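Undergrad: Any chance you can model this:
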Amino acid sequence: MSTTPPGTPDRRLHTAFCDLVGVRYPIVQTGMGWVSGSRLTAATARAGGLGIIAAAPMTFDQMVAAIDEVRESTDAPFGVNLRIDAGDINRRVEHLITAEVRVASFAQAPGRDTVERLRSAGVVVVPTVGARRHAEKVAEWGVDAVLAQGAEGGGHTGVVPTAVLVPQVLDAVDVPVIAAGGITDGRGLAAALAWGASGVAMGTRFLLTSDSDVPEAVKALYLATPVTGTVVTRAIDGAPQRVVATDMVARLERARLLAFPRAAANALRFRRLTGTSLRDLLAEGLRMKRGGDLTWSQVAMAANAPMLTRATMVDGHPEVGILPTGQGVGAIDDLPSCAELVDRMVAGATVALDRLCAPDPDGD
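TA: You can find the predicted model right below:
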């Protein structure tokens with residue numbers, strides 16, 4: 001059994017990642033687009049975890065404001081998730097350095113120059129990887145840690161299950177590894193630590209808290225989703241993405257092999273629904289065409305994909321039907337505060353570790 005005094009952080013939960021970024025617990029709230037704003041990030045940071053602002057869908061000024069709002073709410077460390085292919089990425093990186101943000105996270109490989117620039121200024125760089133080879137690549141660039149997201153993870157995800165991916169990444173790199181994908185409770189944290197990970201990252205579990213700004217009606221849809229109620233689809237933006245299996249997603253799946261005119265018509269229809277200007281739609285489409293191996297039909301939908309998610313997650317229009325989620329959504333049935341969630345995670349992990357480390361009653 002643990003001998004840690006009550007009220008004192010369990011030393012088994014204090015990992016290399018805690019020391020690296022300065023958090024109390026090895027628990028990360030991921031940078032979910034349109035979800036991880038200043039309120040959720042600050043609440044996570046105050047609870048002792050690492051909150052991450054999802055700056056990718058924000059304008060530069062919105063990102064600056066979000067950082068300032070978190071700073072006003074807490075002096076705990078936090079992170080900002082950046083999109084490396086953003087047109088103003090250099091300006092954003094410079095602001096993170098100037099604002100002394102502790103962590104920069106990336107869903108895509110950030111590039112050696114960006115890694116070196118951030119690290120030389122004291123910013124911890126943590127990219128997300130979905131395969132061992134990706135971890136090896138970014139490790140060569142000198143990143144401080146990696147977040148290994150298994151196929152159970154929400155939003156854009158890979159194909160390797162978490163229980164297979166994390167040990168592979170641990171064998172491949174010498175930096176702290178954060179496990180993600182399907183983790184929702186303290187038992188998942190204990191399991192990750194048993195693998196050798198330095199902590200866990202969760203998206204859907206933090207989305208479904210009282211500190212999340214996602215509309216209550218949309219949260220209710222998530223809570224009603226079983227573990228079998230998600231699907232990985234390429235129909236939204238050309239890349240594999242795990243979402244709630246809605247009627248909208250089913251229609252997109254049926255239509256994705258149709259010709260460009262049909263896809264373009266869908267994109268224009270969604271543009272009117274989400275309020276995206278035609279100019280912004282075309283600009284996003286051209287950027288994605290340059291940045292990825294997409295067909296024009298995929299580009300037509302991908303250009304408007306962020307606004308489809310926004311219409312659901314911010315504006316509360318579930319009829320749009322784009323609800324990124326991890327497969328663990330089916331194991332979630334309540335909406336605790338971030339503080340309650342983190343306390344519950346710590347308590348659950350401690351019990352699991354006590355059970356794992358308990359002496360054999362037969363003395364064997």
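Undergrad: any idea which helix or strand carries Leu40?
TA: When elements are assigned from DSSP states H and E, Leu40 belongs to helix 38-47.
Undergrad: What's the first helix or strand after that helix?
TA: That would be, after helix 38-47 and using DSSP H and E, strand 50-54.
Undergrad: Now do that next one: everything it contacts.
TA: 21, 23, 27-38, 40-45, 63, 66-67, 70, 77-81, 103, 105, 338 (Cβ atoms under 8 Å, 6 or more residues apart in numbering). C-beta here means a position set from N, CA and C on the backbone, and glycine is covered the same way.
Undergrad: report the angle between the axes of the helix or strand that that strand is followed by and strand 50-54?
TA: Note on strand 50-54: by DSSP H and E, the next helix or strand toward the C-terminus is helix 60-73. Angle of helix 60-73 versus strand 50-54, following axes from the mean of the first three to the mean of the last three Cα atoms, to 10 degrees, is 160 degrees.
Undergrad: Tell me which residues of helix 60-73 come out buried.
TA: Within helix 60-73, the residues that count as buried by 16 or more other Cβ atoms under 10 Å are 63-64, 66-67, 70, 73.
Undergrad: what helices or strands is that helix leaning on?
TA: Other helices and strands packing on helix 60-73, by 3 or more Cβ pairs under 8 Å, 6 or more residues apart in numbering; DSSP states H and E, are helix 38-47, strand 50-54, helix 89-98.
Undergrad: Send me the shortest one as PDB with only the CA atoms.
TA: Output for strand 50-54, consisting of C-alpha atoms alone and laid out as PDB, is shown next (Å, rounded to 0.1, in the frame of the first residue of the first chain):
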ATOM      1  CA  LEU A  50      -1.500  20.800 -18.200                       C
ATOM      2  CA  GLY A  51      -4.200  22.700 -20.000                       C
ATOM      3  CA  ILE A  52      -3.600  23.500 -23.700                       C
ATOM      4  CA  ILE A  53      -5.300  26.300 -25.700                       C
ATOM      5  CA  ALA A  54      -6.400  25.200 -29.100                       C
END
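Undergrad: My guess is Val214 contacts Leu207. True?
TA: Yes: applying Cβ atoms under 8 Å, one finds Val214 in contact with Leu207, separated by 5.9 Å.
Undergrad: Overlap of the contact sets of these two?
TA: The contact lists of Val214 and Leu207 share Val35, where a contact means Cβ under 8 Å, 6+ apart.
Undergrad: Looking at those two, which one has more neighbours?
TA: Shown here are Val214 and Leu207; by other Cβ atoms under 10 Å, Leu207 has more neighbours (28 against 22).
Undergrad: Serialize the buried residues of helix 60-73 to a markdown table and add fields for distance to Val244.
TA: Formatted as a markdown table, those follow (distance: Cβ to Cβ, whole Å):
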| residue | distance to Val244 |
| --- | --- |
| Met63 | 28 |
| Val64 | 32 |
| Ala66 | 26 |
| Ile67 | 30 |
| Val70 | 29 |
| Ser73 | 30 |
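Undergrad: any idea which of those residues is the one closest to Pro240?
TA: Of all the buried residues of helix 60-73, Met63 has the smallest distance to Pro240: 26.9 Å, by Cβ to Cβ.
Undergrad: pLDDT weak spots in the stretch 201-350 of the chain?
TA: 255-304 (pLDDT under 70).
Undergrad: Using PDB, list the CA coordinates for the helix or strand harbouring Arg251.
TA: Assessed by DSSP H and E, Arg251 sits inside helix 247-255. Below are the C-alpha coordinates for helix 247-255, written out as PDB (Å, rounded to 0.1, in the frame of the first residue of the first chain):
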ATOM      1  CA  ASP A 247     -26.600  10.700 -40.000                       C
ATOM      2  CA  MET A 248     -24.500  13.600 -41.500                       C
ATOM      3  CA  VAL A 249     -21.300  11.500 -41.400                       C
ATOM      4  CA  ALA A 250     -23.100   8.600 -43.000                       C
ATOM      5  CA  ARG A 251     -24.300  10.900 -45.800                       C
ATOM      6  CA  LEU A 252     -20.800  12.200 -46.300                       C
ATOM      7  CA  GLU A 253     -19.500   8.700 -46.500                       C
ATOM      8  CA  ARG A 254     -22.000   7.700 -49.200                       C
ATOM      9  CA  ALA A 255     -21.200  10.800 -51.200                       C
END
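Undergrad: ok, back up a step: can you tell me which of the buried residues of helix 60-73 is nearest Ile236?
TA: Closest approach between the buried residues of helix 60-73 and Ile236, by Cβ to Cβ: Met63, at 24.0 Å.
Undergrad: Leaving aside the residues adjacent along the chain, what's closest to that closest one?
TA: What sits nearest to Met63 in space, not counting adjacent residues and going by Cβ to Cβ, 6 or more residues apart in numbering, is Ala55, at 4.2 Å.
Undergrad: can you check Met313 too?
TA: Excluding the flanking residues, the one nearest Met313 by Cβ to Cβ, 6+ apart is Trp34, at 4.3 Å.
Undergrad: can you map out the helices along the stretch 51-200 of the chain?
TA: 60-73, 89-98, 112-120, 132-140, 162-172, 186-195 (DSSP state H, counting those that start in this stretch).
Undergrad: among these, which is nearest His156?
TA: Using Cβ to Cβ, the nearest of the helices of the stretch 51-200 of the chain to His156 is helix 132-140, at 12.8 Å.
Undergrad: And the closest one, what's buried?
TA: Buried, per 16+ other Cβ under 10 Å, within helix 132-140: 132, 134-135, 137-139.
Undergrad: rewinding a little: same list (the helices and strands packed on helix 60-73) but as CSV, adding distance to Ala191.
TA: Supplementary listing: the helices and strands packed on helix 60-73 in CSV, determined by distance: least, Cβ to Cβ, whole Å:
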stretch, distance to Ala191
helix 38-47, 21
strand 50-54, 19
helix 89-98, 32
